[in-house]
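K.L.:
below is the sequence, then the predicted model.
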Amino acid sequence: MAFYSLICNFAKNLKMKKIFLLFLSAVCLTSCFESMEDRAAREAQEYTERNCPTPAFDNTITDSLTFDKTTHTFGHYQRLIGPNDIDASIFESKRPQIHQGLVKEVKGNLNYKIYIEEGYHFAFISRSGKTGDVLYVDTVKNQECK
């Protein structure tokens, strides 16, 4: 505020004050602009840095959250432990039920609402906690969430 007062004292007339305020507003608005893709990538990176790996919940550890700008897809990388760390063929046999559960999870997550409205997708990549092998990969498409 002191900076503003100093400038206003320097610019004695009203016209100079209006021009200065218009310029200052334009600078603030353009410097604050962030595309939806950039926001999604930033939020995914911040979530990963702050929270990952997460504590185990339902025998699942979230290792990272990513965002691919080219496909508009969030990637959830998870590690399965304990009773969830089973053969990949079991996941394949239960794919329709697991997929419906993921759709329900994405729809119910209020943090995703804005991204669903923008047409983004959500991929889930689950690995074995023992071997590191990929056990299950699935993508919830935006159209399924509406």
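P.N.:
Yep, it's here.
K.L.:
helix/strand/coil for residue 64?
P.N.:
On the three-state scheme (DSSP: H, G, I helix; E, B strand; the rest coil), residue 64 is labelled strand.
K.L.:
and residue 101, by the same measure?
P.N.:
helix.
K.L.:
from residue 71, how far out is it?
P.N.:
22 Å (C-beta to C-beta, to the nearest Å). C-beta here means a position set from N, CA and C on the backbone, and glycine is covered the same way.
K.L.:
and residue 90, by the same measure?
P.N.:
Residue 90 sits 28 Å away from residue 71, going by C-beta to C-beta.
K.L.:
where does pLDDT dip in the protein?
P.N.:
Residues of the chain meeting the criterion pLDDT under 70: 1-32.
K.L.:
where do the helices sit along this structure?
P.N.:
2-10, 14-32, 36-51, 88-93, 95-108, 113-117 (DSSP state H).
K.L.:
report how many residues lie close to residue 43.
P.N.:
Around residue 43 there are 15 other residues, counting by other C-beta atoms under 10 Å.
K.L.:
kindly apply the preceding question to residue 70 instead.
P.N.:
Applying other C-beta under 10 Å, I find that residue 70 has 6 neighbouring residues.
K.L.:
pretty sure residue 74 contacts residue 62?
P.N.:
No - with contacts counted by C-beta atoms under 8 Å, residue 74 stays clear of residue 62, the gap being 11.9 Å.
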